[in-house]
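Engineer: What follows is a predicted structure for the sequence shown.
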Amino acid sequence: MQSRTVVADASFYLCFLEDIRRPDVLIFVNPSFDFMITPIVFDEVSVCSNYGSIKGKFTLIQAASQYNMTEILRPFFAENQVKKGESEVIALAFFIFDQGDLKNFILDDEPARKFVLNNLPILKNSMTGTVGFIALCACEYSLMTKEYSLQVLKEIERSPFRIESHILSNIIDKISNYC
């Protein structure tokens, strides 16, 4: 069975809903994946002003809220990271990976990414960032055309979404030259 589950942090959803105001990107890729969301991330995403534009058009599978996934990783994260949901997202990604159904694990926060690389390296090959996921959708999964993905990345470049310019540049070059 081909894995389909994507676990993403809040910045992934907020990039499309708030930063570039392109909920259509989420709706467009939704049928190809099962997006699983943690309670903390859902709470943050569901109150954003553009959440209504995907409600009913974008399926989010909510992780069971009766389990406090954060507790197992709490000692390794600062309180603000726990509140933002990174530890919860990492724990869910590990659980889904262990079940054999993790397609992608989208994590943009650099300290959280370093934690994964240093402590859970088995998640390394599944982990990407928001713009990396766009590149995967264009180059590997053939879900987006080169033009569409480059347009989205240019909008991200002009938006408040926080990403280092060299990372964005590398992704744009990859899509431009290799897709």
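Structural biologist: Structure received. Numbers count the residues shown, from 1 in each chain.
Engineer: helix or strand right after whatever helix or strand Lys114 lives in?
Structural biologist: Remark: Lys114 resides in helix 110-119, with elements defined by DSSP states H and E. Following helix 110-119 in sequence order, the next helix or strand is strand 127-128 (DSSP H and E).
Engineer: where does this structure have its least confident helix or strand?
Structural biologist: Of all helical and strand segments in the chain, the minimum by mean pLDDT, DSSP states H and E falls on helix 79-84, at a mean of 58.
Engineer: Tell me which other helices or strands the next helix or strand after it touches.
Structural biologist: Going down the chain from helix 79-84, the next helix or strand is helix 86-98, by DSSP H and E. For helix 86-98, the contact count by 3 or more Cβ pairs under 8 Å, 6 or more residues apart in numbering; DSSP states H and E identifies strand 5-8, helix 39-46, strand 102-106, helix 110-119 as packing neighbours. Any C-beta I mention is one placed from the backbone N, CA and C, and that applies to glycine too.
Engineer: Tell me which of those sits most buried.
Structural biologist: Among the helices and strands packed on helix 86-98, strand 5-8 has the highest mean neighbour count (mean count of other Cβ atoms under 10 Å), at a mean of 27.
Engineer: Helix or strand next in line after that strand, which one?
Structural biologist: helix 10-14.
Engineer: Next, Tyr129: phi, psi?
Structural biologist: Just so we're on the same page, residue 129 is Gly rather than Tyr. Backbone torsions of Gly129, given as degrees, to the nearest 10, read phi -110, psi -180.
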